[in-house]
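# fold the stuff below for me.
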Amino acid sequence: MVAQPLGQAAERFDYHSIRKQSMVASQGFYEGELHLRTEGKARPQEMRGYGAGWRGDSHLLWDGVVEESNAVEFDVSEAGRYALAMQWTLAPDYGVFEVRLNGKVVEPQLDLYSPRVKLANLRDLGEITMKAGAQRLVIKLIGGNPKAQKFQGKGYLYGLDYLELTDLSPKSEKPEEIKSTVEALFNLGEARLMMKQYCFRCHGVKMVKGKVNLEALVKRADFLKHIEITQHAAEMMAKVEMPPEDEKQPTKVERAKLAHFLDDLVDEYLQSNTELEPVVMRRLNRYEYNNAVRDLLQLRGDIYPLPEKVIRSSNYFDPSIGRMPDSVNAGNRTLGKNIVEKQILKGVDPFAI
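So this is what the prediction gives:
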């Protein structure tokens, strides 16, 4: 039985249509049609024709007969305690289900019947301990509401919009990083006192290792004049390669201050001595793109005749998710007929889409 949709636009959408491929979850939301690994008859379904509210305008749809089960999986990166909530769809031909997570019953009798297609209230399933890795949800059809009409005369369906995980495990705070405030930075005199304590013994007047004499850099202008030495000293301090391990070492704060002082000198030099023209980024035009792809892939033909616009097979961007998808499915009949039939890939036979 196909429920009566909301709105005139619903006639353009198949209630049990297939859409989209799996991607990576973000922000704790695992969308049924995108982020869950499915099996059997589970498939994505467009829901735009039934009103607003479904994340991504779609949900995961499955149908079966009583006592049949469907399993889906999702991953968590870290073990811990999580709050789990699930958003289901209600409809006239939806059944009653038992839901298990990793073998534990979390929904003993979930009734998804409604006289019209709509979103259920968000189901809060409480706190659950999970190990890192794959989590398996088994959704078993155990019956139907007496008012429900069977799908295709023999079974029932379910629709899962998304599940939401909230990590409840306490997070260890990272050590506070050293802050480079104006008050904390060295001036030239303080920097030279520190270098005298840790550097001048090997890189001073009495001993010049590696042809680097830091003691000879008395004024700020000296550091700027010998910028290669200044830059090298900054890198060695930042990488904790100098002073040598068998020499007295500065504290982390002292090392950070001196490295910052030397880096500032390098930045000052670059700002006043750069001769590079500013780079203006732009897109390749069609002919530049054609030449680049042809040369990189060693094609035996041109690709610039490709149509600029192709037909997208999915609503690839949802602003509410806050991210772009990992992939976009697109198709174009003209592309298949007029372009792919040309043998431009070595060793690959052309075929029409």
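# give the rounded mean pLDDT of the helix or strand that D222 is a member of.
Assigned by DSSP states H and E, D222 belongs to helix 220-225. Helix 220-225 carries an average pLDDT of 89.
# which elements pack onto it?
Other helices and strands packing on helix 220-225, by 3 or more C-beta pairs under 8 Å, 6 or more residues apart in numbering; DSSP states H and E, are helix 227-238, helix 252-273. (Glycine included, C-beta is placed from N, CA and C.)
# in the longest one, what's buried?
Across helix 252-273, burial judged by 16 or more other C-beta atoms under 10 Å covers 254-266, 269.
# kindly reformat those as JSON lines and extend each row with pLDDT and distance to G51.
Output for the buried residues of helix 252-273, formatted as JSON lines (pLDDT from 0 to 100; distance: C-beta to C-beta, whole Å):
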{"residue": "E254", "pLDDT": "85", "distance to G51": "64"}
{"residue": "R255", "pLDDT": "85", "distance to G51": "61"}
{"residue": "A256", "pLDDT": "85", "distance to G51": "57"}
{"residue": "K257", "pLDDT": "85", "distance to G51": "61"}
{"residue": "L258", "pLDDT": "87", "distance to G51": "63"}
{"residue": "A259", "pLDDT": "86", "distance to G51": "59"}
{"residue": "H260", "pLDDT": "87", "distance to G51": "57"}
{"residue": "F261", "pLDDT": "88", "distance to G51": "62"}
{"residue": "L262", "pLDDT": "89", "distance to G51": "62"}
{"residue": "D263", "pLDDT": "88", "distance to G51": "57"}
{"residue": "D264", "pLDDT": "88", "distance to G51": "59"}
{"residue": "L265", "pLDDT": "89", "distance to G51": "63"}
{"residue": "V266", "pLDDT": "88", "distance to G51": "60"}
{"residue": "Y269", "pLDDT": "87", "distance to G51": "63"}
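# show me the shaky parts of this protein.
1-27, 171-186, 274-278, 304-324, 326-353 (pLDDT under 70).
# can you give me the strands for it?
Assigned by DSSP state E, the strands in the chain fall at 29-31, 43-46, 58-64, 69-76, 80-90, 96-101, 104-111, 118-119, 123-130, 133-143, 156-167, 311-312, 330-331.
# deepest-packed of the ones you listed, please.
Each of those was scored by mean neighbour count; the highest is strand 58-64, a mean of 24, by mean count of other C-beta atoms under 10 Å.
# picking up where we left off before, and the helices and strands packed on helix 220-225 as a markdown table, adding distance to M207?
As requested, the helices and strands packed on helix 220-225 are exported to a markdown table (distance: least, C-beta to C-beta, whole Å):
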| stretch | distance to M207 |
| --- | --- |
| helix 227-238 | 15 |
| helix 252-273 | 20 |
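# and the buried residues of helix 252-273, which is closest to L299?
V266 (44.8 Å; C-beta to C-beta).
# pick the one among the buried residues of helix 252-273 closest to L110.
If you rank the buried residues of helix 252-273 by distance to L110 using C-beta to C-beta, A256 comes first, at 56.7 Å.
# circling back: so what touches the helix holding D222?
L188, A216, L217, I229, T230, L262, L265, E268, Y269 (C-beta atoms under 8 Å, 6 or more residues apart in numbering).
# just checking, the fifth one touches V266?
Yes: applying C-beta atoms under 8 Å as the test, T230 and V266 come out as touching, 6.1 Å apart.
# ok, now which ones touch E247?
E247 touches Y198, R201, C202, counting by C-beta under 8 Å, 6+ apart.
# hmm, try it at 10 Å
Y198, C199, R201, C202 (C-beta atoms under 10 Å, 6 or more residues apart in numbering).
# domain parsing for this protein?
8-167, 182-273, 286-339 (automatic domain parsing).
# any chance of JSON lines for those domains, columns distance to V280?
Listed next are the domains of the chain as JSON lines, based on distance: least, C-beta to C-beta, whole Å:
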{"stretch": "domain 8-167", "distance to V280": "33"}
{"stretch": "domain 182-273", "distance to V280": "20"}
{"stretch": "domain 286-339", "distance to V280": "15"}
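# ok, the residue nearest to M242 when sequence neighbours are not counted to G64 distance?
Nearest residue to M242, sequence neighbours excluded (C-beta to C-beta, 6 or more residues apart in numbering): M236, at 3.9 Å. Per C-beta to C-beta, to the nearest Å, M236 is found 67 Å from G64.
# same deal with Y158?
Between Y158 and G64 the computed distance is 9 Å (C-beta to C-beta).
# check R192 too.
From R192 to G64 the distance is 79 Å (C-beta to C-beta).
# how about S272?
Distance from S272 to G64, by C-beta to C-beta: 73 Å.
# ditto for E247
For E247, the distance to G64 - C-beta to C-beta - is 73 Å.
# beta partners for the nearest residue to A71 once chain neighbours are set aside?
Leaving aside its chain neighbours, A71 sits nearest to V138 (4.9 Å; criterion: C-beta to C-beta, 6+ apart). With DSSP bridges applied, V138 shows beta-bridge pairing to A71, R100.
# doesn't V65 make contact with G95?
Yes: between G95 and V65 a contact is recorded at 9.4 Å, counting by C-beta atoms under 10 Å.
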